[in-house]
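Undergrad: Quick one: sequence plus predicted model below, questions after.
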Amino acid sequence: MVVVETLLILLVASVFIGIIGSMLGIGGGIFLVPIMTLGLGIDIKIAAATSLVTIIVTSSTSASRFLRQGFVNVKLGMFLEMFTVSGAIIGAFLVTYLTPQSIEVVFGFVLIYTAFYMWLRKEVECRLLEGDSPGANHSGRFDGSIHDENAGKACRYEVKNIPRGVAASFIAGNLSGLIGVGGGIVKVPAMNLWMGVPIKAATATSNFMIGVTAVASALVYLSNGLIAPVVTSVAAIGIFIGAIIGSRIMIKMAGGTLKAAFALLLVVIAVLMFVRAGGLM
Amino acid sequence: MPPSTEEQKGSRVENALQVVLYGGVVISIALFIIGLLYFAASSQTLVLSQTETLDEIIHSVASLSPIGIISLGVLIIIATPIVRILMTAVYFAKRDRLLTIVPIIVLSLIVVGFVLSVLR
């Protein structure tokens, strides 16, 4: 394939991945890496390094737009990223002792279960605080508020079940270190379903966090001389365009639609996990 | 109780973080475009798998070659979330003890992970 043609395909593919990543709060490495390796014949290590840099682009572009809208729960994001980063570092070391295939199969089933759970469960979007719900583990420090343009109203939400969120963040980081997937797709459902964070705030906060996890790994690739400047820059430009489009779509999207789109994404990723575990990718 | 106007527009820290994140990514993208156009205008052969070691990146950035300009963009984009972490630590220093310690721990973890991976 001609070099310029390859770069143009990479640019277009990156735009679409940027749209999905920005809308749903994920890095998009699970899509970008196979496109680069299987589709364009680029070395896996270069593809992985490129993917990490583009996650930072998605995160910075989307989070800046969502911060302006007041969608990001900064305090919660900062607190949870401590556990994601530590999980990612431990995961990167555990990878030597575990077989990624078995983790991918188990993770695939968990994703399908989560997808149906998300699909069926009613979105608790835009809820005014009316006293404490009995039995919930509340921590007012991380409570947030969000103005939903689509709903045309503002609301406050209380963040609950902090220990579960901490565990999910640690597992999310762990999985990303072990199999390169799992940051946003674990954190978004955990924040939404367990912690009571509206879906828009959950995806925006996930976008705010994923850049930091990616930096930890990107520095390693940078020091090992694995970053290809031309390929990385073309993918980054595509992701930047996609992230601007994706964040605009997400801001206007209804919470229920966003939740359904996320559930669909989980099923797609679960299928990709099974394919990868079967050695077909 | 509906959020106040200030909450809806975002607090000071949110505005500052937005500027840092968007500024970092826009500068990087501008450098990528300039570098790629400069590369296209030069007579250099394009090799997709061409990677650069840290020493080569430093030299190419110093010489302002097309690859150097692109590499500078890569360095800025990687530095952007690190600047964001530092900013939050400074912002919360006199406001919230937990949220001052958290970014410091995150930065320490990144440094430790980086050093361990290099030593391995």
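TA: Okay, I see it.

Undergrad: Would you mind listing what in the stretch 101-250 of chain A touches chain B?
TA: A:128-129, A:141, A:145, A:147, A:153-156, A:211-212, A:214-216, A:218-220, A:222-223, A:225-234, A:236-237, A:240 (Cβ under 8 Å from any Cβ of the partner chain). For every residue, glycine as well, the C-beta is placed using N, CA and C.

Undergrad: Which residue is the nearest non-sequential neighbour of the residue nearest in space to the middle of chain B?
TA: In chain B, the C-alpha nearest the mean C-alpha coordinate belongs to residue B:80, at 2.2 Å (Cα atoms, centre = their mean). Leaving aside its chain neighbours, residue B:80 sits nearest to residue B:24 (3.2 Å; criterion: Cβ to Cβ, 6 or more residues apart in numbering or on different chains).

Undergrad: what about that neighbour, is that helix, strand or coil?
TA: helix (DSSP: H, G, I helix; E, B strand; the rest coil).

Undergrad: so what's it up against?
TA: Taking Cβ atoms under 8 Å, 6 or more residues apart in numbering or on different chains as the criterion, residue B:24 is in contact with A:60, B:76, B:77, B:79, B:80, B:83.

Undergrad: Would you reformat the residues you listed as JSON lines and include distance to residue A:41?
TA: Shown next, in JSON lines, are the contacts of residue B:24 (distance: Cβ to Cβ, whole Å):
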{"residue": "A:60", "distance to residue A:41": "29"}
{"residue": "B:76", "distance to residue A:41": "29"}
{"residue": "B:77", "distance to residue A:41": "25"}
{"residue": "B:79", "distance to residue A:41": "31"}
{"residue": "B:80", "distance to residue A:41": "30"}
{"residue": "B:83", "distance to residue A:41": "35"}
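
Undergrad: for the residues you listed, which one is nearest residue A:264?
TA: Set against residue A:264, the nearest of the contacts of residue B:24 by Cβ to Cβ is residue A:60 (25.9 Å).

Undergrad: Looks like residue A:188 contacts residue A:21 (just checking).
TA: No - assessed by Cβ atoms under 8 Å, residue A:188 is found out of contact with residue A:21, at 11.7 Å.

Undergrad: The two: who's more crowded?
TA: residue A:21 (33 against 30; other Cβ atoms under 10 Å in any protein chain shown).

Undergrad: Which secondary structure state is assigned to that one?
TA: Under three-state DSSP, residue A:21 comes out as helix.

Undergrad: cool, residue A:147 as well?
TA: Taking three-state DSSP, the label given to residue A:147 is strand.

Undergrad: May I have the phi/psi pair for the closest residue to it other than its chain neighbours?
TA: In space, and not counting its chain neighbours, residue A:147 is closest to residue A:154: 4.3 Å by Cβ to Cβ, 6+ apart. Residue A:154 adopts backbone torsions of phi -110, psi 150, taken as degrees, to the nearest 10.

Undergrad: and residue A:154, how many neighbours does it have?
TA: 19.

Undergrad: For it, give its distance to residue B:15.
TA: Counting by Cβ to Cβ, to the nearest Å, the separation of residue A:154 from residue B:15 is 18 Å.

Undergrad: Tell me where chain B has strands.
TA: In chain B, no strands are found when defined by DSSP state E.

Undergrad: in it, which ranges drop under the pLDDT threshold?
TA: Scanning chain B for pLDDT under 70 picks out B:1-10, B:120.

Undergrad: count of residues packed around residue A:232?
TA: Burial of residue A:232, expressed as a neighbour count using other Cβ under 10 Å, amounts to 25.

Undergrad: Check the one 5 residues further on too.
TA: Close neighbours of residue A:237, defined as other Cβ under 10 Å, add up to 23.
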